[in-house]
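no sequence on hand, only this structure:
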(Lines give C-alpha, C1' and ligand atoms only; values in the text may rest on other atoms or scores of the structure.)
Protein backbone atom coordinates (compact mmCIF):
# COMPACT_ATOMS: atom_id res chain seq x y z
CA UNK A 1 0.00 0.00 0.00
CA UNK A 2 2.90 2.34 0.72
CA UNK A 3 4.34 1.83 -2.78
CA UNK A 4 0.89 2.37 -4.30
CA UNK A 5 0.50 5.58 -2.32
CA UNK A 6 3.81 6.95 -3.58
CA UNK A 7 3.00 5.95 -7.16
CA UNK A 8 -0.46 7.48 -7.22
CA UNK A 9 0.70 10.53 -5.31
CA UNK A 10 3.32 11.10 -7.99
CA UNK A 11 0.77 10.74 -10.79
CA UNK A 12 -1.62 13.10 -8.99
CA UNK A 13 0.97 15.86 -8.61
CA UNK A 14 2.41 15.17 -12.05
CA UNK A 15 -0.97 15.74 -13.68
CA UNK A 16 -1.28 19.26 -12.28
CA UNK A 17 2.33 20.14 -13.10
CA UNK A 18 1.96 18.78 -16.65
CA UNK A 19 -1.17 20.80 -17.40
CA UNK A 20 0.19 23.91 -15.70
CA UNK A 21 3.25 23.82 -17.96
CA UNK A 22 1.34 22.74 -21.08
CA UNK A 23 -1.55 25.22 -21.08
CA UNK A 24 -2.06 26.56 -17.56
CA UNK A 25 -5.21 24.50 -17.16
CA UNK A 26 -6.49 21.93 -14.69
CA UNK A 27 -6.43 18.17 -15.40
CA UNK A 28 -10.03 17.92 -14.23
CA UNK A 29 -11.18 19.63 -17.43
CA UNK A 30 -10.29 19.70 -21.11
CA UNK A 31 -8.21 22.69 -22.34
CA UNK A 32 -9.98 26.05 -22.66
CA UNK A 33 -13.01 24.83 -20.72
CA UNK A 34 -14.29 26.92 -17.81
CA UNK A 35 -15.39 25.25 -14.59
CA UNK A 36 -19.19 25.22 -14.25
CA UNK A 37 -22.01 22.85 -13.29
CA UNK A 38 -23.12 22.90 -16.90
CA UNK A 39 -19.69 21.69 -17.99
CA UNK A 40 -19.73 18.88 -15.44
CA UNK A 41 -23.22 17.72 -16.53
CA UNK A 42 -23.43 15.54 -13.42
CA UNK A 43 -26.42 13.43 -14.44
CA UNK A 44 -25.07 12.46 -17.84
CA UNK A 45 -21.52 11.76 -16.71
CA UNK A 46 -22.53 9.82 -13.60
CA UNK A 47 -24.88 7.60 -15.61
CA UNK A 48 -22.26 7.07 -18.31
CA UNK A 49 -19.65 6.14 -15.72
CA UNK A 50 -21.94 3.71 -13.88
CA UNK A 51 -23.12 2.11 -17.13
CA UNK A 52 -19.57 1.64 -18.44
CA UNK A 53 -18.42 0.18 -15.14
CA UNK A 54 -21.35 -2.23 -15.12
CA UNK A 55 -20.53 -3.51 -18.60
CA UNK A 56 -16.83 -4.00 -17.81
CA UNK A 57 -17.51 -5.66 -14.44
CA UNK A 58 -20.12 -8.08 -15.82
CA UNK A 59 -17.85 -8.96 -18.74
CA UNK A 60 -14.98 -9.65 -16.35
CA UNK A 61 -17.16 -11.84 -14.14
CA UNK A 62 -18.30 -13.89 -17.13
CA UNK A 63 -14.76 -14.33 -18.40
CA UNK A 64 -13.62 -15.44 -14.96
CA UNK A 65 -16.45 -17.96 -14.78
CA UNK A 66 -15.67 -19.44 -18.18
CA UNK A 67 -11.90 -19.32 -18.66
CA UNK A 68 -8.98 -20.57 -16.61
CA UNK A 69 -6.69 -17.79 -17.90
CA UNK A 70 -9.05 -15.22 -16.34
CA UNK A 71 -8.91 -17.11 -13.05
CA UNK A 72 -5.12 -17.20 -13.30
CA UNK A 73 -5.12 -13.44 -13.76
CA UNK A 74 -7.12 -12.95 -10.55
CA UNK A 75 -4.82 -15.31 -8.67
CA UNK A 76 -1.81 -13.38 -9.95
CA UNK A 77 -3.28 -10.14 -8.63
CA UNK A 78 -4.14 -11.80 -5.33
CA UNK A 79 -0.52 -12.91 -4.93
CA UNK A 80 0.81 -9.42 -5.70
CA UNK A 81 -1.76 -7.52 -3.63
CA UNK A 82 -1.82 -9.78 -0.60
CA UNK A 83 -4.80 -9.77 1.75
CA UNK A 84 -6.73 -6.48 1.65
CA UNK A 85 -9.38 -5.17 4.03
CA UNK A 86 -12.48 -3.30 2.88
CA UNK A 87 -10.76 -0.06 3.88
CA UNK A 88 -7.69 -1.00 1.81
CA UNK A 89 -9.90 -1.78 -1.18
CA UNK A 90 -11.75 1.53 -0.98
CA UNK A 91 -8.60 3.62 -0.58
CA UNK A 92 -6.76 1.76 -3.34
CA UNK A 93 -9.70 2.06 -5.74
CA UNK A 94 -10.14 5.76 -5.01
CA UNK A 95 -6.46 6.75 -5.18
CA UNK A 96 -5.73 4.71 -8.31
CA UNK A 97 -8.77 5.92 -10.26
CA UNK A 98 -8.34 9.58 -9.30
CA UNK A 99 -4.59 9.74 -9.93
CA UNK A 100 -4.71 7.78 -13.18
CA UNK A 101 -7.63 9.71 -14.66
CA UNK A 102 -6.07 13.06 -13.78
CA UNK A 103 -2.75 12.04 -15.33
CA UNK A 104 -3.62 9.83 -18.30
CA UNK A 105 -6.82 11.56 -19.40
CA UNK A 106 -6.62 15.05 -17.87
CA UNK A 107 -2.92 15.63 -18.59
CA UNK A 108 -1.87 13.30 -21.42
CA UNK A 109 -4.91 13.30 -23.73
CA UNK A 110 -4.65 17.06 -24.50
CA UNK A 111 -0.94 16.59 -25.27
CA UNK A 112 -0.58 13.12 -26.80
CA UNK A 113 -4.10 12.57 -28.08
CA UNK A 114 -6.47 9.74 -27.19
CA UNK A 115 -4.34 7.03 -28.82
CA UNK A 116 -1.04 8.20 -27.37
CA UNK A 117 -2.42 8.54 -23.85
CA UNK A 118 -4.07 5.10 -24.06
CA UNK A 119 -0.80 3.54 -25.22
CA UNK A 120 1.14 5.01 -22.29
CA UNK A 121 -1.66 3.90 -19.96
CA UNK A 122 -1.39 0.33 -21.31
CA UNK A 123 2.41 0.24 -21.10
CA UNK A 124 2.22 1.16 -17.43
CA UNK A 125 -0.16 -1.77 -16.91
CA UNK A 126 2.28 -4.46 -17.98
CA UNK A 127 2.52 -7.29 -15.45
CA UNK A 128 5.48 -9.50 -14.50
CA UNK A 129 4.42 -12.54 -16.58
CA UNK A 130 2.45 -13.47 -19.71
CA UNK A 131 -0.67 -14.06 -17.58
CA UNK A 132 -1.00 -10.27 -17.27
CA UNK A 133 -0.91 -9.58 -21.02
CA UNK A 134 -4.71 -9.63 -21.12
CA UNK A 135 -4.72 -6.96 -18.42
CA UNK A 136 -2.46 -4.81 -20.59
CA UNK A 137 -4.72 -5.26 -23.63
CA UNK A 138 -7.79 -4.40 -21.55
CA UNK A 139 -6.03 -1.28 -20.24
CA UNK A 140 -5.42 -0.17 -23.83
CA UNK A 141 -9.07 -0.62 -24.78
CA UNK A 142 -10.40 1.05 -21.65
CA UNK A 143 -7.87 3.86 -22.09
CA UNK A 144 -9.24 4.55 -25.57
CA UNK A 145 -12.85 4.59 -24.33
CA UNK A 146 -12.05 6.83 -21.37
CA UNK A 147 -10.12 9.18 -23.65
CA UNK A 148 -13.17 9.56 -25.89
CA UNK A 149 -15.32 10.27 -22.83
CA UNK A 150 -12.89 12.95 -21.68
CA UNK A 151 -12.75 14.70 -25.05
CA UNK A 152 -16.48 14.61 -25.72
CA UNK A 153 -17.66 15.51 -22.23
CA UNK A 154 -14.82 17.96 -21.48
CA UNK A 155 -14.07 16.54 -18.01
CA UNK A 156 -12.71 13.42 -16.28
CA UNK A 157 -15.96 12.83 -14.36
CA UNK A 158 -17.37 9.95 -16.45
CA UNK A 159 -14.08 8.03 -16.75
CA UNK A 160 -13.33 8.71 -13.08
CA UNK A 161 -16.64 7.24 -11.91
CA UNK A 162 -16.25 4.21 -14.19
CA UNK A 163 -12.62 3.65 -13.19
CA UNK A 164 -13.39 3.87 -9.46
CA UNK A 165 -16.30 1.42 -9.61
CA UNK A 166 -14.39 -1.05 -11.80
CA UNK A 167 -11.42 -1.07 -9.42
CA UNK A 168 -13.61 -1.20 -6.31
CA UNK A 169 -15.68 -4.18 -7.43
CA UNK A 170 -12.83 -6.09 -9.06
CA UNK A 171 -10.58 -5.75 -6.02
CA UNK A 172 -13.41 -7.03 -3.82
CA UNK A 173 -14.05 -9.97 -6.18
CA UNK A 174 -10.37 -10.89 -6.16
CA UNK A 175 -10.39 -11.00 -2.36
CA UNK A 176 -13.66 -12.99 -2.26
CA UNK A 177 -12.25 -15.59 -4.65
CA UNK A 178 -8.88 -15.84 -2.94
CA UNK A 179 -7.72 -14.42 0.41
CA UNK A 180 -11.21 -14.16 1.92
CA UNK A 181 -12.05 -17.71 0.82
CA UNK A 182 -11.09 -20.15 3.62
CA UNK A 183 -10.76 -23.02 1.13
CA UNK A 184 -8.33 -21.20 -1.17
CA UNK A 185 -4.72 -22.35 -1.35
CA UNK A 186 -2.30 -19.52 -2.03
CA UNK A 187 0.15 -20.53 -4.77
CA UNK A 188 3.89 -20.25 -4.31
CA UNK A 189 5.97 -17.51 -5.93
CA UNK A 190 7.36 -20.10 -8.33
CA UNK A 191 3.89 -21.14 -9.41
CA UNK A 192 2.74 -17.57 -9.99
CA UNK A 193 5.78 -15.99 -11.55
CA UNK A 194 6.67 -19.16 -13.41
CA UNK A 195 3.28 -19.07 -15.18
CA UNK A 196 2.48 -22.59 -14.02
CA UNK A 197 -0.15 -21.96 -11.36
CA UNK A 198 -3.77 -23.13 -11.71
CA UNK A 199 -6.89 -21.05 -11.24
CA UNK A 200 -8.81 -20.97 -7.96
CA UNK A 201 -7.03 -23.89 -6.34
CA UNK A 202 -8.54 -25.07 -3.06
CA UNK A 203 -6.69 -26.41 -0.05
CA UNK A 204 -7.98 -29.87 -0.97
CA UNK A 205 -5.88 -29.70 -4.15
CA UNK A 206 -2.63 -28.87 -2.38
CA UNK A 207 0.22 -31.42 -2.31
CA UNK A 208 0.32 -31.36 1.52
CA UNK A 209 -3.33 -32.24 1.70
CA UNK A 210 -2.86 -35.19 -0.64
CA UNK A 211 0.03 -36.53 1.44
CA UNK A 212 -2.04 -36.30 4.61
CA UNK A 213 -4.88 -38.18 2.98
CA UNK A 214 -2.48 -40.91 1.83
CA UNK A 215 -1.06 -41.29 5.33
CA UNK A 216 -4.56 -41.60 6.78
CA UNK A 217 -5.43 -44.25 4.24
CA UNK A 218 -2.24 -46.21 5.00
CA UNK A 219 -2.97 -46.11 8.73
CA UNK A 220 -6.45 -47.42 8.10
CA UNK A 221 -5.12 -50.25 5.95
CA UNK A 222 -2.58 -51.28 8.62
CA UNK A 223 -5.32 -51.55 11.19
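Looks like it arrived, so ask away. Predicted, not measured: the structure shown is a model, and the values here were computed from it. Numbers count the residues shown, from 1 in each chain.

can you tell me how far the residue positioned nearest the centre of the chain sits from residue 81?
Nearest to the mean C-alpha position of the chain, by C-alpha atoms, centre = their mean, lies residue 167 at 4.9 Å. With the distance defined as C-beta to C-beta, to the nearest Å, residue 167 ends up 12 Å from residue 81. C-beta here means a position set from N, CA and C on the backbone, and glycine is covered the same way.

same thing with residue 187?
14 Å.

what of residue 7?
According to C-beta to C-beta, residue 7 and residue 81 sit 14 Å apart.

the two - which one has more neighbours?
A side-by-side neighbour count of residue 7 and residue 81, using other C-beta atoms under 10 Å, places residue 81 first with 18 against 15.

any stretches of the protein with poor pLDDT?
For the chain, applying pLDDT under 70 flags the ranges 193-223.

looks like the residue nearest to the centre of the chain contacts residue 95 (just checking).
No. Counting by C-beta atoms under 8 Å, residue 167 stays clear of residue 95, with 9.5 Å between them.

who touches the residue nearest to the centre of the chain in this structure?
By C-beta atoms under 8 Å, 6 or more residues apart in numbering, the residues touching residue 167 are 92, 93, 96, 97.

excluding covalently adjacent residues, which one is nearest to it?
Nearest residue to residue 167, sequence neighbours excluded (C-beta to C-beta, 6 or more residues apart in numbering): residue 93, at 3.9 Å.

and what of residue 157?
residue 45 is the one closest to residue 157 (C-beta to C-beta, 6+ apart), at 4.0 Å.

could I get the buried residue list for the helix or strand where that neighbour lies?
Remark: residue 45 resides in helix 42-66, with elements defined by DSSP states H and E. Buried residues in helix 42-66, defined by neighbour count with 16 or more other C-beta atoms under 10 Å: 45, 48, 49, 52, 53, 56, 57, 60, 64.

could you measure from the last one over to residue 146?
For residue 64, the distance to residue 146 (C-beta to C-beta) stands at 22 Å.
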